[in-house]
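Asks: prediction below, plus the sequence it came from.
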Amino acid sequence: MQRFSKRTSWDVGESSFAAAVRGARATATAGGRELIDLTISNPTVCGFEYDVAAVVGGLGDAQGLVYDPDPRGMRSAREAVAGYYADHGAEGLGPESVVLTTSTSEGYGYLFRLLCDAGDEVLVAEPSYPLFDFLADLEDVRLRSYPLFYDYGWWIDFAELERRIGPRTRAIVVVHPNNPTGHATRSAERLRLEEICLRHGLALIVDEVFLDYSLVEGGAGLQSFAAGPHPVHTFVLSGMSKIAGLPQMKLGWVGVLGPEGVRQEALGRLEVIADTFLSMSAPVQLALPGWLAGRQGIQQQVLHRVRGNLSAAHASGLEVLEVEAGWCAIVRLRQRGAVGELAVEVLRQAGVVVHPGAFYGLEQGGWVVVSLIGPAAEFAEGVRRLSEWNG
Ligand SMILES: Cc1ncc(COP(=O)(O)O)c(C=O)c1O
């Protein structure tokens, strides 16, 4: 009989929530009315106006006919990424410190391979983005969570984080700003994280895919971990999915910072990992400088939509936890039936799809997550129904 690896022996059975959503989507109705989906987080289906000529035209460069791979990615593309960081006040991240990947997710995979042997551990915030579990499983890395807590804003529980560091811990992952909490790491928290990493010999992996989506009106924007001094080995991850609203183009990167010796060593090793796959496509790399240059066009539309939808959520009377940045919000509903069944009840009774909080590791009853980038009219109707259902 064929044997499969243990690392792929996931329970892929459909949850009651997924089954209910599938059924509702098939008929586009739930609870006797038209279905409203508040989980749409794919920017390419939200009605944003892309500059089609610029996005698609960028792929037409005739140089893309030539195969001449550089394991770290094309120099011109890496220069554009360095330019993005220079725009964020991080001149120290030059093109020689960038490794291109097909996505941020692939970037995580590279870093887990770089830093961890089988069974080594990486610390990840809870709540956060659920994809980490699979990424870690595929690299035989064990994830340990460290808690964030909510007290007029989200905070890292540093005492608990330190308690969870063990002999096999290799890195701390920070999502800045975090998904789904919208919590941006404060500078005092950054210093504390760096101090902890230094003391325990850990790397800091910082996922900044939502960096450009600060919701603080008139604020200076969020500071990248690529800026400032780097006393510890630091990796910044980002990519086109969120920066330019182009997840289908499959382009991300890892920026490598930190003390010079270890930085060079890491870059050399990452180059070998990347060379093993050479996964970057030439046309996409040639198009990257244009996409990055045009990012404001899509970012302004997304920010406008997110702000408008957030206002609609507040106006509906729902209890919405404070969001500093990003594309989603956590809403607290009245827990009525069994914990874990809330999102199914909301679907069946209000005809609205929301993400169960547990999906992101939000274990408190009554918390659900909504995406803020969906079309405004649909979003307003969705939160109105939620509020009505909530009573
Ligand atoms: C925090 C975070 N990191 C990474 C990703 C994945 O990005 P990519 O499409 O570049 O793999 C997502 C996608 O939603 C995300 O929310």
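Replies: Yep, it's here.
Asks: show me what from this protein comes close to the ligand.
Replies: Within reach of the ligand by C-beta under 6 Å from any ligand atom, the chain has these residues: 103, 104, 105, 129, 175, 179, 207, 209, 239, 241, 247, 252. Backbone N, C-alpha and C define where each C-beta goes, glycine included.
Asks: including neighbour count, secondary structure and pLDDT, could those go into TSV?
Replies: Shown next, in TSV, are those (neighbours: other C-beta atoms under 10 Å; DSSP: H, G, I helix; E, B strand; the rest coil; pLDDT from 0 to 100):
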residue	neighbour count	secondary structure	pLDDT
103	20	coil	97
104	25	helix	97
105	17	helix	96
129	19	coil	86
175	24	strand	97
179	23	coil	95
207	26	strand	98
209	23	coil	98
239	27	strand	98
241	22	helix	98
247	18	helix	98
252	25	strand	98
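Asks: in contact with the nearest residue to residue 207 once chain neighbours are set aside, which residues?
Replies: Leaving aside its sequence neighbours, residue 207 sits nearest to residue 175 (C-beta to C-beta, 6 or more residues apart in numbering; 4.4 Å). Residue 175 makes contact with 125, 128, 129, 206, 207, 209, 210, according to C-beta atoms under 8 Å, 6 or more residues apart in numbering.
Asks: one more: residue 155?
Replies: Counting by C-beta under 8 Å, 6+ apart, residue 155 makes contact with 148, 149, 183, 189.
Asks: and it, how far from the ligand?
Replies: 18 Å (C-beta to the nearest ligand atom, to the nearest Å).
Asks: again with residue 139
Replies: As judged by C-beta to the nearest ligand atom, residue 139 and the ligand stand 15 Å apart.
Asks: what sits against the nearest residue to that residue once chain neighbours are set aside?
Replies: Among residues not flanking residue 139 along the chain, residue 112 sits closest, at 3.9 Å (C-beta to C-beta, 6+ apart). By C-beta under 8 Å, 6+ apart, residue 112 lies in contact with 122, 135, 136, 139, 141.
Asks: neighbours of residue 299, how many?
Replies: Residues lying near residue 299 (other C-beta atoms under 10 Å) number 16.
Asks: picking that back up, by neighbour count, which of the contacts of residue 155 wins?
Replies: These, ranked by neighbours (other C-beta under 10 Å): first place residue 183, 27 neighbours.
Asks: how close does the closest residue to that residue other than its chain neighbours get to the ligand?
Replies: In space, and not counting its chain neighbours, residue 183 is closest to residue 154: 3.5 Å by C-beta to C-beta, 6+ apart. Look at residue 154 and the ligand: by C-beta to the nearest ligand atom, they are 14 Å apart.
Asks: how close does residue 154 sit to residue 12?
Replies: Counting by C-beta to C-beta, to the nearest Å, the gap from residue 154 to residue 12 is 31 Å.
Asks: neighbour-wise, which of these two wins?
Replies: Legend: neighbour count by other C-beta under 10 Å for residue 154 and residue 12, higher for residue 154 (22 against 6).
Asks: would you map the helices across the chain?
Replies: Assigned by DSSP state H, the helices in the chain fall at 16-27, 52-57, 75-87, 104-115, 132-138, 158-163, 187-200, 240-243, 260-277, 282-293, 295-315, 342-350, 376-390.
Asks: of those, which stretch is the most buried?
Replies: By mean neighbour count, with neighbours taken as mean count of other C-beta atoms under 10 Å, helix 240-243 ranks first of these at a mean of 24.
Asks: can you show me the CA trace of that one as PDB?
Replies: Output of helix 240-243 as PDB, limited to C-alpha atoms (Å, rounded to 0.1, in the frame of the first residue of the first chain):
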ATOM      1  CA  MET A 240       2.700  42.300  -4.500                       C
ATOM      2  CA  SER A 241      -0.500  40.600  -3.100                       C
ATOM      3  CA  LYS A 242      -1.200  43.500  -0.800                       C
ATOM      4  CA  ILE A 243       1.200  46.300  -1.800                       C
END
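Asks: where in the stretch 151-300 of the chain is pLDDT low?
Replies: Within the stretch 151-300 of the chain, no stretch has pLDDT under 70.
Asks: list the contacts of residue 332.
Replies: 318, 319, 320, 321, 366, 367.
Asks: a markdown table for the residues you listed, including neighbour count and pLDDT?
Replies: Shown next, in a markdown table, are the contacts of residue 332 (neighbours: other C-beta atoms under 10 Å; pLDDT from 0 to 100):
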| residue | neighbour count | pLDDT |
| --- | --- | --- |
| 318 | 18 | 97 |
| 319 | 15 | 96 |
| 320 | 17 | 96 |
| 321 | 19 | 94 |
| 366 | 16 | 91 |
| 367 | 24 | 93 |
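Asks: identify the farthest-apart pair in those.
Replies: By the measure C-beta to C-beta, 320 and 366 form the most distant pair in the contacts of residue 332, at 12.7 Å.
Asks: and the pLDDT for the residue nearest to residue 139?
Replies: If you check residue 112, the pLDDT there is 98.
Asks: what of residue 28?
Replies: 84.
Asks: got the contact list for the closest residue to it other than its chain neighbours?
Replies: Closest residue to residue 28 apart from its sequence neighbours, by C-beta to C-beta, 6+ apart: residue 35 at 5.3 Å. Shown in contact with residue 35 (C-beta under 8 Å, 6+ apart): 24, 25, 28, 29, 351, 352, 353.
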